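*Asks:* Need coordinates for the below:
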Amino acid sequence: MAENSMEEDQSIARTHLQLQRSLKWLDEVTNGAIGYELEARSLRGLQVIKAQTGFLRCSFIVPATASDMNGNRHIGAIATIIDNVGGAAIYSTGHHLKVTVNFNIQYHSTAKIQEEVEIEAKVNGDRGKLTSVVIEVRNKSNNGRLIAIATQWTAANDYRSPQPQAKL
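*Replies:* Numbering: from 1, shown residues only. Take a look at the predicted model:
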């Protein structure tokens, strides 16, 4: 009985550690410590509201820096935030980041500068190396109106670069 309890405790600890790694990765991308400047600019101001293994809910206020000439959140910035929050939700379920192999976004409306937006990513399928997540972006300033919905499939990248051969 005690052995099962200890195994369960270790499993819970590993799950919590992986969730923390995922959140740290997302924070580092958001703050520009890793990744590209464009990602950091698109994610600027992102706040995690709720985090569980396979689930993230975040919010942000639409900044002028990632908006189009009409004052709307730029669709490229929406795609970037969807990709990163979805990736972090998937990362929270495994031991490494995965490569996006299929990414589909349906845009329904826009968000203006200074409006509050909420993004929710939920892993809904995991088949070994393949994982699927659904991401919804909603305008909290406009009664939760749907801005975009996306599905993202990722695959484990098991590629290992060739290692030098030992000389005999």
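
*Asks:* buried ones in whichever strand or helix holds residue 90?
*Replies:* For residue 90, the element it lies in under DSSP states H and E is helix 75-91. Residues of helix 75-91 classed as buried: 77-91 (neighbour count, 16 or more other C-beta atoms under 10 Å). The C-beta positions use only the backbone N, C-alpha and C, and glycine is treated the same way.

*Asks:* Out of those, which comes closest to residue 16?
*Replies:* For the buried residues of helix 75-91, the residue nearest residue 16 by C-beta to C-beta is residue 91; the value is 13.9 Å.

*Asks:* So the residue lying closest to that closest one once chain neighbours are set aside versus residue 109, what's the distance?
*Replies:* Spatial nearest neighbour of residue 91, excluding adjacent residues (C-beta to C-beta, 6 or more residues apart in numbering): residue 22 at 4.2 Å. Distance of residue 22 to residue 109, computed by C-beta to C-beta, to the nearest Å: 29 Å.

*Asks:* can you check residue 73 too?
*Replies:* From residue 73 to residue 109 the distance is 10 Å (C-beta to C-beta).

*Asks:* So for the two, which residue has more residues nearby?
*Replies:* residue 73 (25 against 13; other C-beta atoms under 10 Å).

*Asks:* Which pLDDT value goes with that one?
*Replies:* pLDDT, residue 73: 90.

*Asks:* try residue 1
*Replies:* 52.

*Asks:* so which helix or strand takes in residue 135?
*Replies:* Using DSSP H and E, residue 135 sits in strand 130-139.
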